[in-house]
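*Asks:* can you look at this prediction? I've put the sequence above it.
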Number of protein chains: 2
Amino acid sequence: MLKQSQVDQLQARTAEMLARQGILLTPEEHRAIEIADFGLGEIERTGLELITYINTDRYCAKELVLLPHQICPEHKHPPIGSIPGKMETFRCRWGRVWLYIEGEPTATIQAHIPTGSEDYYTVFHEIELHPGEQYTIPPDTLHWFQAGEEGAIVSEFSSTSRDEYDIFTDPRIRRQPEVAEA
Amino acid sequence: MLKQSQVDQLQARTAEMLARQGILLTPEEHRAIEIADFGLGEIERTGLELITYINTDRYCAKELVLLPHQICPEHKHPPIGSIPGKMETFRCRWGRVWLYIEGEPTATIQAHIPTGSEDYYTVFHEIELHPGEQYTIPPDTLHWFQAGEEGAIVSEFSSTSRDEYDIFTDPRIRRQPEVAEA
């Protein structure tokens, strides 16, 4: 569980990474930067920093920030009732990202899976994204991604986001953020 | 009607404005930059430069570029059959934008309407957007916008885009781009 002081620190670091690329936030957005440690307690290795610009019943847009070599763990967005799962486009804005999805496994992947979590990464079709490059992930498709050595900024354009329905391969993961006092 | 040489020049100018803010495009995207003069033949006054990153049946994302004082003329996105009109979020990335929508008219607006087109601007509720600020325009709502003295870059997040159904107040406007030879 993250301490409030860790959250504050990571929010400041995230806002600074964004500002360096000319991506500005309002004070309200700064306070709303989500620090997702997925309940694993190793935020610098496995985690994600993000700001949701807009999430309506029709579309969603976020800015995702990854620390150097930080990994967003494998998951998919299943259908919810008659609504198909979330479809999302990742556009790399800065840094470098390796994205892995279902499909023909790449012979030698470039990402480093955190020691002890190897069992929870099962798809290895690699897509490397540099600034100005993007990839659209179909609904209900397993995927995970990791930043290169400098970290990364990724714009996400998508259908409506309903994070609470995400299915993670790692059963230890809890998506909803919890924050300890002080 | 725009000449191909004008299109080439404006595409280069648009890509340069984006690059100066760290927003990179692929060569394919560069060639696909849309130069919309709305059939009025006064692109530097009334027009819009844009790149569509993604447009699916679920969501759409574009980057809009406005030259200094360039104006995107008044229009709305009507419902199409049972689908509500396009809903869109404008997020200012760089420069300054004045957005006008239906609602209480602002006493003294900051935008300058091109001489001769005064009759085709009918909504005057002003919203000023600086970098990092955004506004969501409801479906089927008249709106128009103009950049400040330096121009502007605006990220647009929206439901599916179907430009051919847009309704413009100015009956002289043709939305579909036409390009003359050479």
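*Replies:* Received it, and whenever you're ready, just let me know what you need. What you are looking at is a predicted structure, and each value in this text was computed from that prediction instead of being measured. Residues are numbered from 1 along each chain as shown, chains lettered A, B, ... in the order given.
*Asks:* burial count for the closest residue to A:Thr26 other than its chain neighbours?
*Replies:* With Cβ to Cβ, 6 or more residues apart in numbering or on different chains as the criterion, A:Thr26 has its nearest non-adjacent residue at 5.7 Å, and that residue is B:Gly132. All C-beta atoms are positioned from the backbone trio N, CA, C, and that covers glycine. B:Gly132 has 19 neighbours, counted by other Cβ atoms under 10 Å in any protein chain shown.
*Asks:* B:Gly132: what secondary structure?
*Replies:* The three-state assignment at B:Gly132 reads coil, by DSSP: H, G, I helix; E, B strand; the rest coil.
*Asks:* tell me which helix or strand comes right after whichever helix or strand A:Glu28 is part of.
*Replies:* Assigned by DSSP states H and E, A:Glu28 belongs to helix A:27-31. Sequence-wise, the next helix or strand downstream of helix A:27-31 (DSSP H and E) is strand A:34-36.
*Asks:* contact partners of that next one?
*Replies:* A:2, A:6-7, A:10-11, A:14, A:43, A:47-52, A:175, A:177 (Cβ atoms under 8 Å, 6 or more residues apart in numbering or on different chains).
*Asks:* so where is chain A shaky, pLDDT-wise?
*Replies:* The model of chain A has pLDDT under 70 over residues A:176-182.
*Asks:* other SSEs contacting the longest helix seen in chain A?
*Replies:* Counting residues, the longest helix in chain A under DSSP state H turns out to be helix A:4-20. Judged by 3 or more Cβ pairs under 8 Å, 6 or more residues apart in numbering or on different chains; DSSP states H and E, the packing partners of helix A:4-20 are helix A:27-31, strand A:34-36, strand A:48-55, strand A:60-66, strand A:143-158, strand A:179-180.
*Asks:* tell me the strands beside the second one, with direction?
*Replies:* In the sheet containing strand A:34-36, its partner strands are strand A:48-55 (antiparallel), by DSSP bridges.
*Asks:* can you put the helices and strands packed on helix A:4-20 in a markdown table and add mean neighbour count?
*Replies:* Output for the helices and strands packed on helix A:4-20, formatted as a markdown table (neighbours: other Cβ atoms under 10 Å in any protein chain shown):
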| stretch | mean neighbour count |
| --- | --- |
| helix A:27-31 | 12 |
| strand A:34-36 | 19 |
| strand A:48-55 | 19 |
| strand A:60-66 | 24 |
| strand A:143-158 | 22 |
| strand A:179-180 | 12 |
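*Asks:* would you list these in JSON lines and tack on distance to B:Gln21?
*Replies:* Listed next are these as JSON lines, based on distance: least, Cβ to Cβ, whole Å:
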{"stretch": "helix A:27-31", "distance to B:Gln21": "18"}
{"stretch": "strand A:34-36", "distance to B:Gln21": "25"}
{"stretch": "strand A:48-55", "distance to B:Gln21": "17"}
{"stretch": "strand A:60-66", "distance to B:Gln21": "14"}
{"stretch": "strand A:143-158", "distance to B:Gln21": "13"}
{"stretch": "strand A:179-180", "distance to B:Gln21": "34"}
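*Asks:* how about those, which one is nearest B:His30?
*Replies:* Nearest to B:His30, of all these, is strand A:143-158, at 18.0 Å by Cβ to Cβ.
*Asks:* the closest one versus strand B:143-158: what angle between them?
*Replies:* 160 degrees (axes from the mean of the first three to the mean of the last three Cα atoms, to 10 degrees).
*Asks:* what does the next helix or strand after strand A:143-158 rub up against?
*Replies:* Using DSSP H and E, the helix or strand that follows strand A:143-158 towards the C-terminus is strand A:167-168. Contacts to strand A:167-168, defined as Cβ under 8 Å, 6+ apart, come from residues A:Phe38, A:Pro73, A:Glu74, A:His75, A:Lys76, A:His77, A:Pro78, A:Tyr120, A:Arg175.
*Asks:* what sits up against the helix holding A:Glu28?
*Replies:* In contact with helix A:27-31 (Cβ under 8 Å, 6+ apart) are residues A:Gln11, A:Ala15, A:Ile51, A:Tyr53, B:Gly132.
*Asks:* got JSON lines for those, with distance to B:Trp144 too?
*Replies:* Shown next, in JSON lines, are the contacts of helix A:27-31 (distance: Cβ to Cβ, whole Å):
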{"residue": "A:Gln11", "distance to B:Trp144": "36"}
{"residue": "A:Ala15", "distance to B:Trp144": "32"}
{"residue": "A:Ile51", "distance to B:Trp144": "28"}
{"residue": "A:Tyr53", "distance to B:Trp144": "22"}
{"residue": "B:Gly132", "distance to B:Trp144": "22"}
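*Asks:* A:Phe157: which of the residues you listed is nearest?
*Replies:* Distances from A:Phe157 to those, taken by Cβ to Cβ, are shortest for A:Tyr53, at 10.0 Å.
*Asks:* write the PyMOL selection for whichever of the contacts of strand A:167-168 are buried.
*Replies:* Selection of buried members from the contacts of strand A:167-168 for PyMOL, criterion 16 or more other Cβ atoms under 10 Å in any protein chain shown:
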select buried, chain A and resi 38+73+74+75+76+77+120
